[in-house]
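Peer 1: Requesting a structural model of the entry that follows:
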Amino acid sequence: MERIDSIDGQGEPLVLRPGDDGYEAELAGFQTGFAQRPDAVFAAASASDVAAAVRYAARRGLPVRVQATGHGLPGAREGGVLVTTRRMKGVTVDPAARTARIEAGVRWGEVVTAAAPHGLAPLNGSAPSVGAVSYTLGGGLGILARQFGYAADHVQALEVVTGDGEPRRVTQESEVYWGLLGGGHALGIVTALETGLVPVDRLYGGSLAFDGGEVGPAEVLRAYEAWTRTVPDGLTSSFAAVPYPDVPALPERLRGRYVLSVRVAYTGADGERIVAPLRKLGPVLADSLREMPYAESHTIHSDPDFPHTYYGDSAVLSELDVERAAEVLRLTGPGAPLMGVVQVNHLGGALSRPAPNAVPHREGRFLVRLLAMGGREEARAMLDPAFALLAPGTIGRSVNFAFGAGDRSEGLFDARTRERLAGLKSVYDPASLFGERWGLGS
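Peer 2: As a prediction, the model looks like this:
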């Protein structure tokens with residue numbers, strides 16, 4: 001363990017090296033399948049600490065990575081400098097301006113809690129334990145995305161340390177602002193952001209779940225795709241398929257079942273009418289659709305909150321070919337070698353509107369996310385054939401949902417966006433401290 005001089009007299013950042021007490025604990029995160037083994041870990045408590053870490057790395061020509069919660073690790077990494085931001089926990093809500101300032105270690109659940117007393121909500125995702133800043137830098141596909149767009153579309157300012165080690169505050173007039181929102185941490189480490197909040201305190205939401213042994217998976221998916229053509233732009237939804245193992249740790253209603261579910265979030269008053277066709281698909285295993293306070297919105301998806309191993313990727317589709325997607329369900333379902341998770345997000349609505357940032361593929365109509373609960377190689381052997389089936393309709397990949405595949409850059413951006421990002425990279429990170437590829441910080 002050592003101390004590195006601060007750049008501005010605001011204290012000394014804590015630095016941990018392999019073998020130091022606390023090194024392993026500092027690296028721990030939500031993703032347990034990929035080992036991060038940096039030569040030095042800067043446990044940042046402030047923007048000053050982050051700047052000190054970047055300058056330290058720059059002097060030695062070392063790569064720099066960033067980790068908040070460890071959800072979106074791009075893969076295993078050896079050497080270099082890792083900046084952990086979990087201690088940067090400030091959240092400030094301005095109810096009059098409908099904005100929030102969020103530091104780099106804050107999780108979405110903390111922002112929801114801070115905004116709720118004012119009748120406001122952030123553009124958060126489905127899991128309250130995900131880091132708000134890195135989520136937003138990857139675009140941010142939230143539970144009300146079709147009504148309000150990407151989380152990145154609402155950011156008003158970013159505080160960032162670029163490759164020269166200088167802290168900056170950038171707004172929409174800056175090219176760096178454009179590149180960070182959608183391009184992730186490849187231009188620098190964002191230490192805080194200011195974002196708009198939306199006037200939502202209640203919504204209609206939850207899920208309808210069916211037993212895949214009683215209702216055909218292809219039938220539910222086909223009905224879901226047809227239903228999405230009838231819903232208003234303000235309704236956001238997804239389809240999921242999960243084959244649960246038969247283990248005592250699970251609720252009895254899930255054990256050994258292939259669960260198919262449709263999740264819904266909607267601020268309109270006619271939610272019951274809109275979902276009525278879905279209830280006719282067959283016997284319902286579980287129905288949690290209801291009016292709820294926004295503070296309970298995490299119950300819509302009920303994402304797992306415990307660390308585990310997973311690998312996966314995503315495909316943004318121009319259209320959903322249901323027959324090909326049904327074959328994907330077969331490849332990843334109960335007969336697959338690993339437990340798989342399929343999620344199909346309905347895009348469009350406000351997500352298709354242009355915005356002054358680098359979030360790509362706004363013309364997509366669906367996003368398919370495939371996960372396998374296993375190591376990288378065995379998971380790829382299972383998932384690659386499934387993605388190949390989707391290839392004819394695939395227009396790209398999502399930076400936020402490259403679960404372990406974030407070091408593969410193909411498809412993350414269209415050619416024009418990639419060229420513009422490369423130009424910014426040459427100016428603000430010419431030594432490529434933050435990596436050559438366009439992966440996300442985590």
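Peer 1: start to end distance for stretch 70-80?
Peer 2: Stretch 70-80 has an end-to-end distance of 17 Å (criterion: CA to CA, to the nearest Å).
Peer 1: Do a quick rundown of the helices in the protein.
Peer 2: 23-27, 47-60, 108-115, 132-137, 145-148, 175-183, 217-228, 271-279, 322-332, 376-390, 415-428 (DSSP state H).
Peer 1: So which of those helices is the most surrounded?
Peer 2: Highest mean neighbour count of those: helix 132-137, a mean of 30 (counted as mean count of other CB atoms under 10 Å). For glycine as for every other residue, the C-beta is placed from the backbone atoms N, C-alpha and C.
Peer 1: quick one, what contacts the residue lying closest to residue 35 once chain neighbours are set aside?
Peer 2: Nearest residue to residue 35, sequence neighbours excluded (CB to CB, 6 or more residues apart in numbering): residue 76, at 5.1 Å. Taking CB atoms under 8 Å, 6 or more residues apart in numbering as the criterion, residue 76 is in contact with 34-37.
Peer 1: Check those and tell me the two furthest apart.
Peer 2: 34 and 37 (10.2 Å; CB to CB).
Peer 1: So which of those two has more stuff around it?
Peer 2: When residue 34 and residue 37 are compared for neighbours, residue 34 comes out ahead with 20 against 14, by other CB atoms under 10 Å.
Peer 1: ok, the more buried one to residue 351 distance?
Peer 2: 29 Å (CB to CB, to the nearest Å).
Peer 1: just to revisit the earlier point, quick check: which of the helices of the chain is nearest to residue 195?
Peer 2: helix 132-137 (6.9 Å).
Peer 1: you'd agree residue 53 is up against residue 80?
Peer 2: No - counting by CB atoms under 8 Å, residue 53 does not reach residue 80; the two are 10.8 Å apart.
Peer 1: Which neighbours do the two have in common?
Peer 2: Listed as contacting both residue 53 and residue 80 by CB under 8 Å, 6+ apart are residue 64.
Peer 1: before we move on, back to that, for the contacts of residue 76, give me TSV that also has distance to residue 334 and pLDDT.
Peer 2: Below are those laid out as TSV (distance: CB to CB, whole Å; pLDDT from 0 to 100):
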residue	distance to residue 334	pLDDT
34	27	84
35	30	82
36	33	87
37	36	93
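Peer 1: Looking at those residues, which one is closest to residue 257?
Peer 2: residue 34 (29.6 Å).
Peer 1: And that closest one, how far from residue 97?
Peer 2: For residue 34 relative to residue 97 (CB to CB), the value is 39 Å.
Peer 1: Equivalent analysis for residue 119, please.
Peer 2: Separation of residue 119 from residue 97 (CB to CB): 14 Å.
Peer 1: more crowded one of these two?
Peer 2: Between residue 119 and residue 97, counted using other CB under 10 Å, the more crowded position is residue 119 (15 against 11).
Peer 1: isn't the more buried one right up against residue 199?
Peer 2: Yes - using CB under 8 Å, residue 119 is in contact with residue 199, at 6.2 Å.
Peer 1: Could you list the single helix or strand in the chain with the lowest mean pLDDT?
Peer 2: Scoring the helices and strands of the chain by mean pLDDT, DSSP states H and E places strand 2-3 at the bottom, with a mean of 42.
Peer 1: which stretches of the stretch 201-350 of the chain have low pLDDT?
Peer 2: Counting by pLDDT under 70, not a single residue of the stretch 201-350 of the chain qualifies.
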